[in-house]
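K.L.:
Give the three-dimensional model of this entry:
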Amino acid sequence: MTQTLSIATWNIHKGFSQFNRRMMVHELRDRLRELSADIVFLQEVQGLHLGHAERHPDWPLLPQHEFLAEDVWANHSYGRNMVYDHGHHGNAILSRHPILHEHNQDVTHLRFEKRGLLHCAVEVPRLGQALHCVCVHLSLFARSRRRQMDALARRIEDVVPDGAPLLIAGDFNDWRNHADDLLAQRLGLTEVFAGNAQRPSRSYPAVLPMFRLDRIYQRGLQLDAAIVHAGPPWSGISDHAALSAEFRFGAATRSP
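P.N.:
Numbers count the residues shown, from 1 in each chain. Down below sits the predicted model:
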């Protein structure tokens, strides 16, 4: 029997529109729910910001990942990366399915640019083994990205069983597509938009995408569809387009 799994990834720009013109976290939540993904990978998630809470009367009382997940994604994980006097932000994974364990790995290379890799193992019904999900937001600088992708590959090689189903999604800031050479080939991954020898899809800026920054890499699943959510109304919410993908897999017996 064939099973399905849907995912989405989005750099949410801390809940503000491009150039921080408007607070959009409520509209953001509505759009995420329209996607109705089983697992959501989020970058630039505001865990706490005392200044925004004072300036915006409708600023959520909950951390953004909890506010976005409420009543839909019962399981969620947040990896705090950048910490400052008035708050912090990082990556988050929201899931309809149980999160078995989570780990946020600090891969900061430059002190002014804090970065982390949020790794969760998710129990997907009838998949037969844990689905490993990694949410990434890599450096703006090529040398730092190379180090961070190597750190990611080493973690996967160390802790994820060979051939286990794997999703790596997020903002790679990798407009020259070096991730295929530095990461995908090493781990046996395919990028969901790069079939038939194409390149990953453009996702930034969301109003008229020109750069291929956001990615979804996978192994062990069968891709059915992949969509870039750009232009209105998505482009009024964040400076990045959201990406979504649908997969299927054959039901399996759980390993001992």
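K.L.:
Where does pLDDT dip in the stretch 101-250 of the chain?
P.N.:
Scanning the stretch 101-250 of the chain for pLDDT under 70 picks out 196-197.
K.L.:
Which stretches in it count as strands?
P.N.:
Along the stretch 101-250 of the chain, counting by DSSP state E, counting those that start in this stretch, strands occupy 116-122, 131-137, 166-171, 190-191, 214-219, 222-229, 242-250.
K.L.:
Output those in TSV, with distance to residue 47 appended to each entry.
P.N.:
Where you see a C-beta, it was placed from the backbone N, CA and C, and this is true even at glycine. TSV is the format used below for those (distance: least, C-beta to C-beta, whole Å):
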stretch	distance to residue 47
strand 116-122	12
strand 131-137	14
strand 166-171	17
strand 190-191	29
strand 214-219	21
strand 222-229	24
strand 242-250	20
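K.L.:
check contacts around the closest residue to residue 214 other than its chain neighbours.
P.N.:
Take residue 214 and drop its neighbours on the chain: the residue closest to it by C-beta to C-beta, 6 or more residues apart in numbering is residue 203, 4.0 Å away. Residues counted as contacts of residue 203 (C-beta atoms under 8 Å, 6 or more residues apart in numbering) are 209, 211-214, 228, 230, 240-241, 243.
K.L.:
biggest separation within the residues you listed, which pair?
P.N.:
Farthest-apart pair in those is 211 and 243; separation 13.4 Å (C-beta to C-beta).
K.L.:
give me the element residue 43 is part of.
P.N.:
Element membership of residue 43, judged by DSSP states H and E, is strand 39-49.
K.L.:
Give me the distance from whichever helix or strand comes after that strand to the chain's centre.
P.N.:
Scanning forward in sequence from strand 39-49 by DSSP H and E, the next helix or strand is helix 50-55. The chain centroid and the centroid of helix 50-55 are separated by 26 Å under C-alpha atoms, centre = their mean, to the nearest Å.
K.L.:
average pLDDT for helix 50-55?
P.N.:
The average pLDDT within helix 50-55 is 86.
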